[in-house]
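Participant: Build me a model from this:
(chains A and B)
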Amino acid sequence: MANVFPSWVNRAPLRIIGCLLLVVGGVIAGITYYMTPKWARVGYEPVQPVAFSHDIHVSQVGLDCRYCHTFVDRSEHSNVPATNTCMACHSMVQTDSPALQPVRDSYATGEPIPWVRVHKTPDYVFFNHSVHVNRGISCVECHGQIDEMETVSHEKSFSMAFCLDCHRNPEEHIRPLDKVYDLTWKPESKKAQLEMGEELVQHWKVNPPESCSGCHR
Amino acid sequence: MKQQMNNEFKALEGKAGSRYWKSLDDLAETPAFREWAEREFPQGASEIQGVNRRHFMKIMAASFGLAGVGLTGCRRPKHEILPYVKQPENIIPGVAQYYSSSRPTAWENVPVVVETHEARPTKIEGNSSYLAGGGATDIYTQASVLDLYDPSRAKRNVRGSKTLDRAAVLDLFSEWSGQLASTKGAGFAFLAEKSTSPSRRKLVAALKKKYPQAIWAEYEPIDYSAADRAAETYWGQPVRAINDFSKSSRVLSVGSDFLGKDPGSTEYTRAFSRARKVENSKQANQMNRLYVVEGDFTLTGAAADHRLRLSSAQQEAFLIALAQELLRLGATGNGDISGLVRGMPVDESIPLDWVAACAKDLNEHKGHSVLAVSPGAEDRVQWIAYFINELLGAPGTTQSYLKIPSSSAVSISDLAVELKAGAVDKLFILGGNPVFNAPADLDWPLLQQQAGEIIRFGYWNDETSASAGTNILLPHYLETWGDGETMDGTLVPVQPMIEPLMDSFSELEILATLCGQKETDPYAIVQQTYAERSGNGGAGFNTFLAVGILPESGYDQVKPSAAGAKVVSAINANPAPAAGVISAKNLEVLFTPSYHTYDGRFANNGWMMECPDSMTKLTWDNAILISPRLAKELQKETGYQIFQSENVMTETGQLQRNSAQFKRGREQALVAELTVNGTTLRGPIHVLPGLANYTVVVPVGFGRDICGPVGQGVGFDAYPAMTANNRWSTTGATIELTDDVYPLANTQEHWSMEGRAILREGTAEEYSESPDFVAKMGMESHSPPVYGNAKDMPLQQKVTDIPIGGSLYKTPDFTAPQQWGMAIDLNLCTGCNSCVVACQSENNIPIVGKDQVLRGREMHWLRLDRYFASREEDDTGIPEEVQVSFQGMACTHCELAPCETVCPVNATVHDEQGLNVMAYNRCVGTRYCANNCPYKVRRFNFFDWNKRSDGHFYEGPLGPSGPAKPIKMQKNPDVTVRMRGVMEKCTYCVQRIEEAKINQKVKARDSGDIKVPDGTIKVACQQVCAADAISFGDVSDENSEVSQWKKSDRDYAVLGYLNTRPRTTYLAKLRNPNPSMPKKYRYEQPFGRMDYEERYGHGSGHGDDHSGGGHDDGSHKDGHGDTGHDSHAGDHSEHNAHGDSHAH
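Facilitator: Numbering: from 1, shown residues only, chains lettered A, B, ... in the order given. Got it, this is the predicted structure:
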């Protein structure tokens, strides 16, 4: 009996499987890459209603973080400043600047400025700012060199692995309390950081939670 | 028929309750109950019902469609942050603020501290500055925050069909004020709720002074004013008796529910528990003893050491017999009254031997004993009670008398007379709901139409508002300024927590405006009252608000003496009504406030509706409660089947009709018609063992006609049978069964635990003789040792090292500096249920509605198990005499948790501090963990309870999303609101633990002082507990309170032999029976003990016992702690899983 199927059919299943593997693998790789926090968050730099520059206010004028983010060391939430905080200076400085028009409007009308949120943890994560800044973790550890940013962008991934890396090895990131808001401070070397870090961790009994209840309640 | 009935009785006979049982069905071990108990989730709970295949496909197609639309959601949506424009003072976003306030009730203001998040009240706790309450509250106060956000509360001020704005209402006020002034009040009548507010008292006095002809009436459907009224006659001056149970080593309660629903129950429970608390076996003989005489079965009765079932009609005779006995024993009191009492006839139906033994015991503790009667009981009962307390030497020792302000308000009946006479032109109804709950004989709905115009000030759209032409809004107490007094007269503020959600007017503002006073701002009025009361010109008002009470502002203590002759003539002038013999044809009916709705005002509160009634465990309904004796007689007489039988099927294979049995845990109740005072009430019957034989109990406050969606039409209304003269009880009722069957959502069999030695109790005497009696009970004496060679380790080491013992499993690492644990003292728990609602409020636990409770899907993390036990000799088949024990059961946070080993996705794991945590975002909903949990404490979100509203659960994403917005405002922002498809359970209030730890670390800064001090963390159930029955803290610190509790030899772990090593352990309950009681009433051991003795033996055969999973101090010798037994570990655990007991 003649062959019903041509001979290339013999190789067809393998090819089909190979194709499928490629397609499925591609989809998985795509999802892993494009939908993970690293891709979805890092680099997010929305346009803000007021072109506020951290660089000018911190690096040039020399404001402390807590001048505006008043409650960062007292609350889980680091507050975005109220309009009256802006107006404390800007009722005297740059009073005519068109860039500040939304601020003056807000102050006059009582309508809040609609800042666009850049950093966000998921709803099921209960992150607390105060316990970090009061125990030697500086703003830059999560927010990057925010003091030099012209517009705020999302620098770190904020994935669970990102949190756990630090919670498992706090000595690599901890710093003396008086350097927490000094965003330009850098350890002399990695070795110096580790030496100091280990001492601080031991002395302060730093014991970051590594299990679910630390952040998920 | 007869044959069949015999079968039914047989099912119960011979099982006469010498063990713990939760329901008659449990006792009879019917097949339906077996099935119910054996399944983690009842049949049906895990199945889709009400959805057919077509519908399912439709929903699925729709959800796929929606999912496609939702793909855009892969990119993060734009979120805005809207900061304040001008930062308000004192508000720190993300940090809760606490303000003092108080919840006004008719009889006392409950001092509270309210947790607010960004000016949004979320949780109410007791104010610990008020020492008598000690930070505890009752259940109603816990639930009251939900009413604030009730989407169905009245929203507009309305006159006729016109909506009024604020200015228009004020115009109306000044118009009325002008009319009042011109007529001197003639034609004006006010009907208000009772209040303790001194500011209101002042305004009412001013009103009556300015408009002398206006009528001011006050009305409460649940009326507790008899005690104060009778005191005025008895003592010749307006005084109030406050019992001090903390100093009473012998307490007799006759018809009172001072541990339950009576006013002041929080304070009384706290004081009672102090005298009840036993720290070690040497103190066991100092434990107090409680005698209870009652017809109903209240929480006070449940706590009794000796309980006498007596209809309320016989209680006066009982008191007379007691007084006579005390006089015979040589007690002395007022001469005139003594003479009168001596001459009173003796009622032979009272068990006089019981009375004699009780009287002797009380008399021997003269000055340390007290009698409590219901403050609502009739005047005659009150007078005799005051006399007996005099005989017991209570005044000045266990009872203090306070001089109270007298009230000039008239009653609703007096107002009715004026209305009938047509003397009322304008009727102002201030709060309350008289159309629903006024005495039936007044025919209020019709009567009030005699008034020219009805102006209603109210919070709800209810029966009364529907009948009024003008409706003005009253605020919630969390929205307004006010003040009030506690039971002892201490001044407390009512502070607003939130801007009024509606355009409402506070009672003080209304009265001040109508009075034409210059100052109408409630804040200023309250401040002025404070200034007068404090006597220092108003200084320290802010301190007063911060502390929440004005110390030493209570009523003055007085030492009154009885107005003998007047009392004698009063008693003679008020002869006891002839009740006749109470029998099946002449039933006594008791009307009680409901555990759910109180007098009806919590009818639209989902938390209250779903919280199981402490005794009956009913939710979402009230029922006609009847005694087993009456049920048995009705069953015999009518042929209707009230009790369960072993055969659910008849001989022809048909399901039996009209059978009141549990089908898949659903109580199918027969509907009965109860005819009282010529009125017929129709409702389902529920058999409650422990009621007086021919007393029928009917909780009021249900069957609301006009109410929000939660309470509308739920249950039946009993008010039509309550008349002005018979507020609490009446006789002459008859009951008839009907053909109808009604499903009751009864949780008493839900989450049942198979009758192992779960609940342990003994007597005080037994405890002092053999302090280790608890360890001898249950399986621990026969199971392999769970700690192996490490049995002698101190608790502190055990909880961090986790010795592997006889187990094969790897043990977790508990490396955190503090290890959390809990101890619950069953001896103190009164079963009041406040913890259940406190937990619900703190942890965002949804309500699921009656339909879902019927399917066994209620979500309460903490349930309060109620066990009945009866004596062996009580072999009537259906126990009438029962003892009750309560046991709160929530996740016990096992160190070796069975739930964790079966979770395929590691969603439930242990953390470093010993908590068994649930990661909701990991959970995929296999429910294996719930199946493997021996304590049945895990709850599954079968639906999106928080997103959908009742009635739309099955529609999925196609249904409307609810609940309405304001309900969301109650949610605790520190706790995740769970979604469909995830498991949840008690977290030990992990949000409170973490908050305390964070605060401590913030405080520690660059030091190592990171341990949270003992007592800082109070979990929600512990915080609310008036009896202080719960202790929580660091078990790795041997000085912490919880470690001290766990050292007690009464400490045991539930199902400890399973090697779960729970972090929550229990201290066994003690009863303190009187050894000189007549034989019929005496008992040496709690009723339920026989079962354990039979099943497990008493442990002494081994000459030793095992510490089990309980964290006791390890002092017990462990005879099985050798390797020989350990090698059988696997073998034994298999047996244990089946609950088999080992042969000796």
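Participant: what are the phi and psi values for B:A372?
Facilitator: phi -110, psi 130 (degrees, to the nearest 10).
Participant: Neighbours of it, how many?
Facilitator: Counted with other C-beta atoms under 10 Å in any protein chain shown, residues neighbouring B:A372 total 27. Heads up, the C-betas are built off the backbone N, CA and C, glycines and all.
Participant: what's across from it in the sheet?
Facilitator: Beta-bridge partners for B:A372, by DSSP bridges, are B:S253.
Participant: For it, report the pLDDT, please.
Facilitator: With respect to pLDDT, B:A372 scores 93.
Participant: Who are the contact partners of it?
Facilitator: B:243, B:251-254, B:256, B:258 (C-beta atoms under 8 Å, 6 or more residues apart in numbering or on different chains).
Participant: Reformat these as JSON lines; add neighbour count, pLDDT and distance to B:S1076.
Facilitator: Below are those laid out as JSON lines (neighbours: other C-beta atoms under 10 Å in any protein chain shown; pLDDT from 0 to 100; distance: C-beta to C-beta, whole Å):
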{"residue": "B:N243", "neighbour count": "24", "pLDDT": "92", "distance to B:S1076": "25"}
{"residue": "B:V251", "neighbour count": "30", "pLDDT": "94", "distance to B:S1076": "17"}
{"residue": "B:L252", "neighbour count": "30", "pLDDT": "94", "distance to B:S1076": "15"}
{"residue": "B:S253", "neighbour count": "27", "pLDDT": "94", "distance to B:S1076": "20"}
{"residue": "B:V254", "neighbour count": "25", "pLDDT": "94", "distance to B:S1076": "20"}
{"residue": "B:S256", "neighbour count": "29", "pLDDT": "93", "distance to B:S1076": "24"}
{"residue": "B:F258", "neighbour count": "26", "pLDDT": "93", "distance to B:S1076": "25"}
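Participant: Among these, find me the one that's closest to chain A.
Facilitator: B:F258 (37.8 Å; C-beta to the nearest C-beta).
Participant: tell me the two of the contacts of B:A372 that are most distant?
Facilitator: B:N243 and B:V254 (12.8 Å; C-beta to C-beta).
Participant: Look up how far chain A lies from the residue nearest to B:A304 when sequence neighbours are not counted.
Facilitator: Leaving aside its chain neighbours, B:A304 sits nearest to B:V292 (3.7 Å; criterion: C-beta to C-beta, 6 or more residues apart in numbering or on different chains). Using C-beta to the nearest C-beta, to the nearest Å, one gets 42 Å for the distance from B:V292 to chain A.
Participant: A helix includes B:V292, no?
Facilitator: No - in this structure, B:V292 is strand, not part of a helix, as judged by DSSP: H, G, I helix; E, B strand; the rest coil.
Participant: That one: neighbouring residues, count only.
Facilitator: 26.
Participant: And the one 3 residues further on, by the same measure?
Facilitator: A count of neighbours around B:G295, defined by other C-beta under 10 Å, yields 27.
Participant: for B:P575, same thing?
Facilitator: B:P575, neighbours per other C-beta under 10 Å, totals 8.
Participant: give the contact list for it.
Facilitator: Going by C-beta under 8 Å, 6+ apart, the list of residues near B:P575 is empty.
Participant: repeat for B:L737
Facilitator: B:634, B:638, B:640, B:642, B:670-673, B:685.
Participant: how about 7 Å then?
Facilitator: Residues near B:L737 by C-beta atoms under 7 Å, 6 or more residues apart in numbering or on different chains: B:634, B:638, B:640, B:670, B:672.
Participant: wouldn't the third one be in contact with B:V671 here?
Facilitator: Okay, so that is B:Y640. No - under the criterion of C-beta atoms under 7 Å, B:Y640 is not in contact with B:V671, lying 10.3 Å apart.
Participant: Name the helix or strand for B:T731, please.
Facilitator: Assigned by DSSP states H and E, B:T731 falls within strand B:729-746.
Participant: before we move on, back to that, so in terms of bridging, what pairs with the residue nearest to B:A304?
Facilitator: B:S253, B:R307.
Participant: ok, now which ones touch it?
Facilitator: B:253, B:300-301, B:304, B:307.
Participant: cutoff 10 Å now
Facilitator: B:251-257, B:259, B:298, B:300-310, B:372 (C-beta atoms under 10 Å, 6 or more residues apart in numbering or on different chains).
Participant: And for B:G482?
Facilitator: So B:G482 contacts B:101-102, B:104, B:109, B:195, B:197, B:199-200, B:475, B:492-496, B:506-508, B:522-523, B:525-526, B:529 (C-beta under 10 Å, 6+ apart).
Participant: B:A546 now?
Facilitator: Taking C-beta under 10 Å, 6+ apart, one finds B:99-100, B:129, B:493, B:540 in contact with B:A546.
Participant: ok, 8 Å please
Facilitator: Contacts of B:A546 were listed using C-beta under 8 Å, 6+ apart, and they are B:S100.
Participant: so it sits in a helix?
Facilitator: Yes - counting by three-state DSSP, B:A546 is located in a helix.
Participant: Report the separation between it and chain A.
Facilitator: 20 Å.
Participant: what do you get for B:M487?
Facilitator: Distance from B:M487 to chain A, by C-beta to the nearest C-beta: 37 Å.
Participant: what's the answer for B:A440, then?
Facilitator: 50 Å.
Participant: domain ranges for the chain?
Facilitator: Reading this off chain A. Following automatic domain parsing, chain A resolves into domains at A:12-40, A:53-61+A:71-80+A:118-214.
Participant: Correction: the question concerned chain B.
Facilitator: Taken from automatic domain parsing, chain B resolves into B:2-41+B:581-746, B:103-148, B:157-223+B:409-547, B:239-403, B:761-1138.
Participant: Using PDB, write out every CA atom in stretch A:170-187.
Facilitator: C-alpha atoms of stretch A:170-187 as PDB (Å, rounded to 0.1, in the frame of the first residue of the first chain):
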ATOM      1  CA  PRO A 170      19.900  44.600  57.100                       C
ATOM      2  CA  GLU A 171      23.600  45.100  57.800                       C
ATOM      3  CA  GLU A 172      24.100  46.000  54.100                       C
ATOM      4  CA  HIS A 173      21.700  48.900  54.300                       C
ATOM      5  CA  ILE A 174      21.500  50.200  57.800                       C
ATOM      6  CA  ARG A 175      23.200  53.500  58.700                       C
ATOM      7  CA  PRO A 176      23.600  55.700  61.800                       C
ATOM      8  CA  LEU A 177      20.500  57.600  62.700                       C
ATOM      9  CA  ASP A 178      22.000  61.000  62.000                       C
ATOM     10  CA  LYS A 179      22.700  60.000  58.400                       C
ATOM     11  CA  VAL A 180      19.100  58.800  57.600                       C
ATOM     12  CA  TYR A 181      18.000  62.000  56.100                       C
ATOM     13  CA  ASP A 182      21.500  62.800  54.700                       C
ATOM     14  CA  LEU A 183      20.800  61.500  51.300                       C
ATOM     15  CA  THR A 184      24.200  62.200  50.000                       C
ATOM     16  CA  TRP A 185      25.900  60.100  52.600                       C
ATOM     17  CA  LYS A 186      27.700  57.000  51.300                       C
ATOM     18  CA  PRO A 187      29.700  54.400  53.300                       C
END
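Participant: Give me the buried positions along it.
Facilitator: Within stretch A:170-187, the residues that qualify as buried are A:170-175, A:177, A:180-183, A:187, counting by 16 or more other C-beta atoms under 10 Å in any protein chain shown.
Participant: and what of stretch B:934-945?
Facilitator: B:934-945.
Participant: Report how many residues lie close to residue 93.
Facilitator: Went with chain A since none was named. Neighbours around A:V93, by other C-beta under 10 Å: 10.
Participant: look at chain B instead
Facilitator: 17.
Participant: got it, and B:V902?
Facilitator: 16.
Participant: B:A1004 now?
Facilitator: Neighbours of B:A1004 (other C-beta under 10 Å): 17.
Participant: for it, what are its contacts?
Facilitator: A:135, A:204, B:1010.
Participant: Nearest to B:L362 among those residues?
Facilitator: For the contacts of B:A1004, the nearest to B:L362 is B:I1010 (53.3 Å; C-beta to C-beta).
Participant: Cool, thanks, signing off.
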